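Asker: have a look at this prediction, sequence included:
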Amino acid sequence: MANWCSNTVAFEGTPEAIEQIKWLFQAMATKEQQEQKGQLPDWVNQHNGGYFFDLYFDNDNTEVFQYQTKWSPNLEIIQKIAEHYKVDFVQDYEEMGNLVYGQATYHNGILQDIYLEDEDFEQYEYDEETDNYYFEGETYNSNTEILEILLERKTGNHLNPMKIVTQ
């Protein structure tokens, strides 16, 4: 059984391109429900993996899509979608079972994937007795804020207006 990687991707482009991407994601979500299996756009090679599962988007925020993939993010597929529709994107992803946590940006045809590595995860500790995390002299109830701090240090995202904050 696969570990599920949670993905949130925000596309940035013309309203027409975003509408076409929304239609693509709606079509894949409908087909997934009918077939009970992961989906890819019809024009993407179906043999390389990267399937979308549990697709979700909020009709009020149509440029942001959430979904699951097996084991790791499907950056190659998202990049193909971006190239196809001539848009940019920011993708946040995490699969904590295998310590996968990162953010990919695609802007002007350049993909940048920044992620936490083993030594990043070693910077904080979890105490089972207190159910708290300890990082740089501070106490946290969960590791979410710690992971965001560590990733922000690598990405410099405090300067990036396309930043997506996942919860």
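Answerer: Received it, and whenever you're ready, just let me know what you need.

Asker: what segments of the chain are helices?
Answerer: Here the chain has its helices, by DSSP state H, at 15-35, 75-85, 118-121, 144-155.

Asker: what helices or strands is the shortest one leaning on?
Answerer: Using 3 or more C-beta pairs under 8 Å, 6 or more residues apart in numbering; DSSP states H and E as the contact test, no helix or strand touches helix 118-121. In short, each C-beta sits where N, CA and C put it, glycine included.

Asker: next, the buried residues of it.
Answerer: For helix 118-121, the neighbour count (16 or more other C-beta atoms under 10 Å) marks residue 120 as buried.

Asker: next one: the longest one
Answerer: Taking 16+ other C-beta under 10 Å as the basis for neighbour counts, the residues of helix 15-35 that come out buried are 17-18, 20-22, 24-25, 28-29, 31-32.

Asker: with the second one instead?
Answerer: For helix 75-85, a neighbour-count test (16+ other C-beta under 10 Å) marks 75, 77-82, 85 as buried.

Asker: pull the number of nearby residues for the residue lying closest to residue 139 once chain neighbours are set aside.
Answerer: Nearest residue to residue 139, sequence neighbours excluded (C-beta to C-beta, 6 or more residues apart in numbering): residue 132, at 5.1 Å. Residue 132 is flanked by 14 other residues according to other C-beta atoms under 10 Å.

Asker: what ranges does this protein have for its strands?
Answerer: In the chain, the strands defined using DSSP state E lie at 4-12, 53-57, 64-70, 88-95, 100-107, 110-115, 125-127, 132-135, 138-140.

Asker: list the contacts of the second one.
Answerer: So that's strand 53-57. Around strand 53-57, the neighbours that count as contacts under C-beta atoms under 8 Å, 6 or more residues apart in numbering are 4, 22, 25, 28-29, 32, 38-39, 64-70.

Asker: what about that strand, average pLDDT?
Answerer: Mean pLDDT, strand 53-57: 92.

Asker: what do you get for the first one?
Answerer: Mean pLDDT, computed over strand 4-12, is 97.

Asker: what of the fifth one?
Answerer: Strand 100-107 shows an average pLDDT of 97 in the prediction.

Asker: who does that strand pair up with?
Answerer: Each strand paired with strand 100-107, and its direction, by DSSP bridges: strand 88-95 (antiparallel), strand 110-115 (antiparallel).

Asker: looking at those, which is nearest to residue 121?
Answerer: strand 110-115 (10.9 Å; C-beta to C-beta).
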